[in-house]
Structures are given as structure tokens and as C-alpha cells.
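Visitor: With the input below, show me the fold.
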Amino acid sequence: MIKTHITNSSFMEFIDEMATQITEMNFGADTYAESSEVGQENVMMFTEEAQDYYNDKYDEYESMANNIAGVYSSNELAPQEDER
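Guide: Below is the predicted model:
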């Protein structure tokens, strides 16, 4: 299979968007909660369960992009190779 490399930021944004959407669909209103960190009380973040689910989906989608579509992050390239 031919490997296609895209910029790392584009690759991560694509995988993140898919993982976020499936997490939101799965958890609905229970996806987000206010942070419990001091000074961050107004910051919304994934609940612990949603974060664990998101992490699993991110890894799964990253593997699928690599193994099925042949799409990889440019971070995999040697420094002298060009990015697309």
C-alpha cells in the first residue's frame, strides 16, 4: 500500500474530529462537565468516562487511517523528506 503523509496538524485535527463526534453521539448530554481544577472551573471538558472513550476511539481511528486508508502523519517522515 502506498503511504500518504499529511501535515501532523491536519492528521491530528481529522482524527480528533472523528473521535470527538462519536464520543458526543455516544455520551450525549453526559459528554462534558465543568473542570474541577482550581482556576479552571468555567472550562468544559470531557467527563472521565467520555475521555477514556475518546482516547480509545482516537487510537482506533488513527490505526484505521494508517492501516486501511494508508494516511499517516508527516511526523513519521525523516526530517529531509517533504510534507504534502
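Visitor: Give the rounded mean pLDDT of the longest helix that the chain contains.
Guide: For the chain, the longest helix by residue count, based on DSSP state H, is helix 8-27. Average pLDDT, helix 8-27: 98.
Visitor: Grab the most central residue of the chain for me.
Guide: Asp16 (2.7 Å; Cα atoms, centre = their mean).
Visitor: Could you tell me which residues make contact with that one?
Guide: Tyr58 (Cβ atoms under 8 Å, 6 or more residues apart in numbering). All C-beta atoms are positioned from the backbone trio N, CA, C, and that covers glycine.
Visitor: How about residues contacting stretch 36-54?
Guide: With Cβ under 8 Å, 6+ apart, stretch 36-54 has contacts from 19-20, 23, 26-27, 30-35.
Visitor: and that stretch, how far apart are its ends?
Guide: The separation between the terminal residues of stretch 36-54, taken as Cα to Cα, to the nearest Å, is 19 Å.
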